[in-house]
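> Give me the fold of what follows.
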Amino acid sequence: MDHNTPPGKGSKIQTTDLQKVIADHQKWLQTDGKDGQRAVLNEANLSHCNLQRINLSSASLKGVNLEGANLRCANLQMADLRGARLCKANLQWSIFSQSHLESANLEQAHLQFADFSKAVLDNACLTQSFLHNAYFSEACLKSANLDKASLPYTDFRSADLSKASLSGTTIQLANISSANLAGAIIYRAKILSSNFQNANLRRCSISEAVFEKVNFYRADFGNASCRKSFFKACDFSEVNLNGVGRDFMEAVLE
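As a prediction, this is how the structure comes out:
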């Protein structure tokens, strides 16, 4: 199998071929590209494969099908996963730092303790995914869909979530300080005991959401809208409320 020629679209790669690709990729990594070959598995079908602890860092996996795959503790740092399908995959403790996952589908994926620091997930789908203790520091999630996702203890410090959708999302004890949520949609979300200090929430659309014991210290709500939302025991010290509507002011001041 020529590793520079990816398997046919949607084809199920044979176990022996996959093992050869992985072995050559390890040589390529260990020798800084002097020996072996970089893994190219674009659009390959690896659905439901057991890839636990695999090292495919810097591999090309564009459009790969990893639905239901076991990637627990896998290393995919700096990999190209644009358009990849990772629905219902087990990604617990895996490393995706600095990887490209634009338009990837991670619906109902298990991302507990996964590292996505500085990764790019623009337009990615993370609906109904489990992000317990996942790490997204400085990641880019522009226009990402996190509807009905579960985010307990998730770290989004300095992440870019501009125009992201957080409808029906549960956020608890999460760190979203200094994150950019400009233009994000927060609809019927439940946000508890989380840190939004210095967050950018300009032009954010908030409706029918519940915020309890949330730290908004020095957050920027400029021109944000708020409708039928509830704030309890939140810290609004030194926040910017310029341009917000009457409903927002009344909700904050209750």
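> Against V244, how distant is Q37?
Distance, Q37 to V244, by Cβ to Cβ, to the nearest Å: 56 Å. For the C-beta atoms, the positions are set from N, CA and C on the backbone; glycine is no exception.
> Which of those two has more residues huddled nearby?
Looking at Q37 and V244 with other Cβ atoms under 10 Å, you find the greater number of neighbours at V244, namely 22 against 16.
> Now do the more buried one, the pLDDT please.
With respect to pLDDT, V244 scores 89.
> need the contact list for it.
Counting by Cβ atoms under 8 Å, 6 or more residues apart in numbering, V244 makes contact with F221, G222, N223, A224, S225, C226.
> quick one, what contacts the closest residue to the fifth one other than its chain neighbours?
The one in question is S225. Excluding its sequence neighbours, the residue lying closest to S225 (Cβ to Cβ, 6 or more residues apart in numbering) is S205, at 5.3 Å. S205 sits next to G183, A184, I185, I186, Y187, A224, S225 when contact means Cβ under 8 Å, 6+ apart.
> What of L71?
L51, Q52, I54, L86, A89, N90, L91, S94.
> Pull up the gap between it and A144, please.
Between L71 and A144 the distance is 20 Å, computed by Cβ to Cβ.
> sorry, back to before: would a markdown table of the contacts of V244 with neighbour count, pLDDT and distance to S237 be doable?
Output for the contacts of V244, formatted as a markdown table (neighbours: other Cβ atoms under 10 Å; pLDDT from 0 to 100; distance: Cβ to Cβ, whole Å):
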| residue | neighbour count | pLDDT | distance to S237 |
| --- | --- | --- | --- |
| F221 | 25 | 96 | 13 |
| G222 | 17 | 96 | 16 |
| N223 | 17 | 95 | 20 |
| A224 | 25 | 95 | 17 |
| S225 | 16 | 93 | 22 |
| C226 | 24 | 91 | 18 |
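> Just send the contacts of S205 back as JSON lines, with distance to L81 too.
Below are the contacts of S205 laid out as JSON lines (distance: Cβ to Cβ, whole Å):
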{"residue": "G183", "distance to L81": "25"}
{"residue": "A184", "distance to L81": "23"}
{"residue": "I185", "distance to L81": "25"}
{"residue": "I186", "distance to L81": "27"}
{"residue": "Y187", "distance to L81": "28"}
{"residue": "A224", "distance to L81": "33"}
{"residue": "S225", "distance to L81": "34"}
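> Could you point out which of these is nearest to F236?
A224 (12.5 Å; Cβ to Cβ).
> Nearest spatial neighbour of that closest one, chain-adjacent residues omitted?
Once flanking residues are discounted, A224 sits nearest to C204: 4.3 Å by Cβ to Cβ, 6+ apart.
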